[in-house]
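[1] please find the sequence and the predicted model below.
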Amino acid sequence: MSHQELLPHLFRTEYRKIVSVLCKHFGLVHIEIAEDLTSETFLTASELWGLKGLPENPTAWLYTVAKNKAKNYLRNDAIFRKHLTTGMNSDRNDIDAQEFKIDLSAKNIQDSQLQMLFVICHPSIPDDAQVGLALRILCGFGIDEIARAFLTTKENINKRLFRAKEKLRAGNIMIEIPHAKELTDRLDTVLRTLYLIFNEGYYSSCQDITLNKDLCLEAMRLTHLLLENESTNKPAVHAFFSLMCFHASRFEARVNAVGEPVLYKDQDDSLWDHDLISRGEYHLNLAYTGNSLSRYHLEAGIAYWHTNKSDLGEKWENILQLYNQLLILEYSPIAALNRTYALSKANGPAEAIVEAEKLHLDQNHLYHALLGELYSTINKVKARTHFEKAFELAISSADKNIMKKKMDDLA
């Protein structure tokens, strides 16, 4: 493998590890220094590996260079040395002693990433900024990639991240896993942010991408960090991981050969990943070992029933009841909309139409798409009207193509 092929992969996998450790070492107030030193490490790799070829152990090489750059920064930056190394002598031996405190062991890398996850998902900063920081610092996404994912400009993303970092600095947020007293609330915030990341990948808002697997897989990886730590290995985390496993199991069936979305009823279940389904079932069972019931438990249950391709009434009745519980626990218009589809499968389209029209989600293309589907066997004129409105409101070309096919089928 050439360095041009290896470096992007290593950037995605190792950037987050190095920057988390350095940020923990320097303190949150110097988060940009941690990011800059890490970026410089990869720039050095790009330059030297192109001239001299790949080192024997590229990952270890990156860690060594990152530590050396941090040591050089400590030696050369007088202001930084004054604030961070008070009482240190400036001779080389003391600088080397400070270097050894930059711990890039597997355990510290794991701990640092988890602690940074709680920092980034602090409730003092907006959800979109939490997602942006997580993608940048903990997932190694470039500013261009984040901007594309959220249909905005690089300038807007940079401003968003800058404001978020300023809030974290002003709040003097500690880089640590919260103590037991506040852990539950903070963990809820972390899970909400990871949920937003996964959903953005699974239902990508980008005009040209139906499914962004990288976002989904990063959300799963970060959630697994929570599962590996005793203090954050909670039933809701297992439920959330289970939910993602069930959804991820259908990745290969959700898009066709040309990247167009495939509706659930048309998916080839032979393409489903049954190992992931089994893993989801395992974590769902662990989720029910506690006394709490979260939205993730209920959504995981709904996703579990969707791994059964049969169209039996029992399946849809179970899904309907889970949606009923979900709406009582935490109402959302989209969950209510999804419930009406389950209602149509369980009790018929006429009853579902009555419930759907109560939602008045007139500017949502999924609302009109569902009503078009429900009216298809009852009133083709109304069905076409709703499909036309869904076509008009849809953002992605793939969604527009689906609506066009639906209209053609009515002709």
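    Yep, it's here.
[2] going by C-alpha atoms from here, please, whenever you check contacts or count neighbours.
    Fine.
[3] quick one, helices of the stretch 201-350 of the chain?
    For the stretch 201-350 of the chain, the helices defined by DSSP state H, counting those that start in this stretch cover 213-227, 235-248, 251-254, 274-287, 295-306, 313-329, 333-347, 349-357.
[4] redo those helices as JSON lines? Include mean pLDDT, mean neighbour count and distance to Leu196.
    Listed next are the helices of the stretch 201-350 of the chain as JSON lines, based on pLDDT from 0 to 100; neighbours: other CA atoms under 10 Å; distance: least, CA to CA, whole Å:
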{"stretch": "helix 213-227", "mean pLDDT": "93", "mean neighbour count": "20", "distance to Leu196": "9"}
{"stretch": "helix 235-248", "mean pLDDT": "98", "mean neighbour count": "27", "distance to Leu196": "12"}
{"stretch": "helix 251-254", "mean pLDDT": "92", "mean neighbour count": "20", "distance to Leu196": "18"}
{"stretch": "helix 274-287", "mean pLDDT": "97", "mean neighbour count": "19", "distance to Leu196": "19"}
{"stretch": "helix 295-306", "mean pLDDT": "97", "mean neighbour count": "21", "distance to Leu196": "13"}
{"stretch": "helix 313-329", "mean pLDDT": "96", "mean neighbour count": "18", "distance to Leu196": "18"}
{"stretch": "helix 333-347", "mean pLDDT": "95", "mean neighbour count": "20", "distance to Leu196": "14"}
{"stretch": "helix 349-357", "mean pLDDT": "97", "mean neighbour count": "18", "distance to Leu196": "25"}
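[5] next, format those as TSV and append distance to Ile33.
    Formatted as TSV, these follow (distance: least, CA to CA, whole Å):
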stretch	distance to Ile33
helix 213-227	23
helix 235-248	32
helix 251-254	38
helix 274-287	39
helix 295-306	37
helix 313-329	43
helix 333-347	41
helix 349-357	52
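[6] quick check: Asp103 vs Ile109, distance?
    8 Å (CA to CA, to the nearest Å).
[7] on that earlier part again, to Ala394, which of the helices of the stretch 201-350 of the chain lies closest?
    With CA to CA as the criterion, Ala394 lies closest to helix 333-347 of those, at 15.5 Å.
[8] show me what that closest one is packed against.
    helix 313-329, helix 349-357, helix 365-375 (3 or more CA pairs under 8 Å, 6 or more residues apart in numbering; DSSP states H and E).
[9] could those helices go into CSV alongside distance to Arg169?
    As requested, the helices and strands packed on helix 333-347 are exported to CSV (distance: least, CA to CA, whole Å):
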stretch, distance to Arg169
helix 313-329, 35
helix 349-357, 46
helix 365-375, 40
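[10] and those: which comes nearest Arg186?
    Evaluated over the helices and strands packed on helix 333-347, closeness to Arg186 peaks at helix 313-329, with 19.1 Å, by CA to CA.
[11] residues making contact with that closest one?
    294-295, 298-299, 301-302, 305, 308, 335-336, 339, 342-343, 345-346 (CA atoms under 8 Å, 6 or more residues apart in numbering).
[12] what's the most distant pair in those?
    Checking those with CA to CA, the most distant pair is Ser294 and Lys345, at 25.2 Å.
[13] let's see the pLDDT reported for Leu138.
    Per-residue confidence for Leu138 comes out at a pLDDT of 90.
[14] Leu226 touches Ala236, doesn't it?
    No: between Leu226 and Ala236 there is no contact under CA atoms under 8 Å: 10.7 Å.
[15] common neighbours of the two, please.
    With CA under 8 Å, 6+ apart as the test, Leu226 and Ala236 reach no residue in common.
[16] with respect to Ala219, which of the contacts of helix 313-329 is nearest?
    Checking the contacts of helix 313-329 one by one against Ala219 (CA to CA), the nearest turns out to be Glu299, at 16.3 Å.
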